[in-house]
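In: Show me how the following folds:
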Amino acid sequence: MTKEIIIRAELIRDDEGGYAVYCEEFDIYARGSDSEEAINNFRDVLDRQFEELDSNVVH
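Out: The predicted model follows:
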């Protein structure tokens, strides 16, 4: 069974010229040299977090 969730995250241009994505709900943060890289890095971190959560759930 697949469930859908909506996650809100903020894309921020940082002072060093790159971008950051931050999700306050899950306290997840990722950076990249451009917005696309930052978003892709955020998705990778998010995937790892949910994989870890899933591995800790007793089925």
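
In: Can you name the residues in contact with the lowest-mean-pLDDT helix or strand in the chain?
Out: Every helix and strand of the chain was ranked by mean pLDDT, DSSP states H and E. The lowest is helix 35-55, at a mean of 89. Contact with helix 35-55 is made by 7, 9, 11, 18-21, 23, 26, 28-32, as judged by C-beta atoms under 8 Å, 6 or more residues apart in numbering. C-beta coordinates here come from the backbone N, C-alpha and C atoms, glycine included.

In: for it, which positions count as buried?
Out: A38, I39, N41, F42, V45, L46 (16 or more other C-beta atoms under 10 Å).

In: try stretch 18-32
Out: Residues Y19, A20, V21, Y22, C23, I28, Y29, A30, R31, G32 are the ones in stretch 18-32 that count as buried (16+ other C-beta under 10 Å).

In: could those go into a markdown table alongside pLDDT, secondary structure and distance to F50?
Out: Converted to a markdown table, the buried residues of stretch 18-32 look like this (pLDDT from 0 to 100; DSSP: H, G, I helix; E, B strand; the rest coil; distance: C-beta to C-beta, whole Å):
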| residue | pLDDT | secondary structure | distance to F50 |
| --- | --- | --- | --- |
| Y19 | 98 | strand | 22 |
| A20 | 97 | strand | 20 |
| V21 | 97 | strand | 16 |
| Y22 | 97 | strand | 17 |
| C23 | 96 | strand | 12 |
| I28 | 93 | strand | 10 |
| Y29 | 94 | strand | 16 |
| A30 | 97 | strand | 14 |
| R31 | 96 | strand | 20 |
| G32 | 97 | strand | 20 |
